[in-house]
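S.K.: The following comprises the amino acid sequence and a computationally predicted model.
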Amino acid sequence: MRNPTVADAEAIAALMADCFTATFGSLYDPADLASFLDALTVERWRAELADPAFAFLLAEDDGAAVGFAKLGPHALPVTPAGAMIELRQLYLRGSQQGSGLAARMMDWVIATARARGAGELFLSVYVDNHRARRFYERYGFEEIGIYTFMVGNHADEDHLMRLAL
């Protein structure tokens, strides 16, 4: 695992598209899925990788990108009690699930959030992604509300979750 650079934008973009499609692609009309993924441009990834408001972790296996995590500033419809940060994405290829890599990534997420002075860590997770929700609950995240997550023109219901740091 390492902190990626702007040069890793293409690998992260491809990993995001692959993981999102593998996990959720069957839920959407192809046009909605394409619209969502097309908005995640390599240029956008480069800008976020260069922006100190974001923190990234890239997980690799034999030099190939297999997962990533991204922390970012307040964007979800939550009212923090103080300093906060959001887990914007945590994706891992299916071949790596159950390997312990997700736990090591989450340890980095929490440590990085604390190191940046956050007292709260927020995320959203698709209501029917029970595996991810159980994973976050093991770390002490609690549901605090519902959030509408748009994929193209399709509205999904996500659980908003919070972890007090």
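M.R.: Received it, and whenever you're ready, just let me know what you need.
S.K.: got the contact list for Leu49?
M.R.: By CB atoms under 8 Å, 6 or more residues apart in numbering, Leu49 lies in contact with 4-6, 8-9, 12, 56. Backbone N, C-alpha and C define where each C-beta goes, glycine included.
S.K.: tell me which element the closest residue to Ser95 other than its chain neighbours is part of?
M.R.: In space, Ser95 comes closest to Val66 once its chain neighbours are excluded; the distance is 7.2 Å by CB to CB, 6 or more residues apart in numbering. Using DSSP states H and E, Val66 maps to strand 64-72.
S.K.: The worst-scoring helix or strand of the chain on mean pLDDT - contacts with which helices or strands?
M.R.: Taking mean pLDDT, DSSP states H and E as the measure, the helix or strand of the chain with the lowest value is helix 30-38, at a mean of 90. Helices and strands touching helix 30-38, by 3 or more CB pairs under 8 Å, 6 or more residues apart in numbering; DSSP states H and E, are helix 9-24, strand 142-151.
S.K.: name the helices or strands packed onto the first one?
M.R.: The reference is to helix 9-24. Using 3+ CB pairs under 8 Å, 6+ apart, helix 9-24 is in contact with helix 30-38, helix 42-50, strand 55-61, strand 64-72, strand 84-92.
S.K.: follow-up on the earlier one: so the residue nearest to Ser95 touches Arg104, yeah?
M.R.: No. With contact defined as CB atoms under 8 Å, Val66 does not reach Arg104; the gap is 11.9 Å.
S.K.: so the residue sitting nearest the centre point of the chain bridges to which residues?
M.R.: For the chain, the residue sitting closest to the mean C-alpha position, by CA atoms, centre = their mean, is Gln89 at 0.7 Å. Legend: beta-bridge partners of Gln89 under DSSP bridges are Lys70.
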